[in-house]
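J.: Sequence plus the predicted model coming up.
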Amino acid sequence: MSELHLTREELEAGLDEILRSPKEEGAIELIVRRPEVGGREILQEGELDIEVGLVGDNWSTRGSSKTEDRSSHPEMQLNLMNSRVIALVAGSEERWPLAGDQFFIDLDLSRENLPPGSRLQLGSAIVEVTPMPHTGCKKFVARFGMEAMKFVNSGEGKSLCLRGINARVLQPGIVRHGDMARKLT
């Protein structure tokens with residue numbers, strides 16, 4: 001298995017493990033802040049704020065091509081990715097931050113398990129899953145390979161949200177590495 005780019009067969013062989021992800025609660029395995037484009041800081045603890053998302057992250061200042069005025073997209077404040085997926089496509093944990101997501105969680109993030117509007121408790125914060133799809137981009141291809149992009153953006157990959165989900169902060173709070181992410185009813 002290549003450290004950088006897996007084959008389609010290697011990716012598909014990891015799907016059973018991904019499908020075993022917990023459905024109700026799972027550990028927050030990595031928190032990553034992006035202070036500037038391309039920059040990554042691994043956090044043991046992060047603060048979630050209703051206005052800026054993850055405090056110190058560049059979401060609120062970076063803007064988005066998906067808004068008319070190019071301001072930050074309110075439905076893309078946070079990016080959450082299943083830790084089993086990133087473990088498969090990245091190979092080593094040192095490469096997880098390259099995905100560009102802020103939270104890597106051992107939890108089933110599929111549309112069936114967490115449809116838009118679902119709420120998750122992350123530490124003392126509460127976030128809401130937004131309908132905006134989270135898909136791979138050119139950077140994802142460069143870092144993990146075209147086959148990884150096809151895998152996460154396939155029909156099954158999209159329904160399972162293998163590339164991850166977008167969310168927004170509903171209740172501010174503190175999130176720590178190792179906290180449980182809990183699905184709220």
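T.: Right, received. Where do you want to start?

J.: residue contacts, the residue nearest to residue 141 when sequence neighbours are not counted?
T.: Of all residues not flanking residue 141 in the chain, residue 149 sits nearest, at 4.8 Å (C-beta to C-beta, 6 or more residues apart in numbering). (C-beta placed from N, C-alpha, C; glycine too.) Shown in contact with residue 149 (C-beta atoms under 8 Å, 6 or more residues apart in numbering): 136, 140-141.

J.: do residue 161 as well
T.: 82, 109-111, 114, 134.

J.: Report the secondary structure state of it.
T.: Using DSSP: H, G, I helix; E, B strand; the rest coil, the structure places residue 161 in coil.

J.: just residue 94 next, same as before
T.: helix.

J.: and it, how many neighbours does it have?
T.: If you count neighbours by other C-beta atoms under 10 Å, residue 94 ends up with 9.

J.: got the contact list for it?
T.: Residue 94 touches nothing, counting by C-beta under 8 Å, 6+ apart.

J.: Could you list the low-confidence segments of this structure?
T.: 1-3, 63-65, 67, 70-73 (pLDDT under 70).

J.: any idea how far residue 28 is from the residue in it sticking out farthest from the centre?
T.: Within the chain, the residue lying farthest from the chain centre (C-alpha atoms, centre = their mean) is residue 69, at 24.9 Å. Distance, residue 69 to residue 28, by C-beta to C-beta, to the nearest Å: 33 Å.
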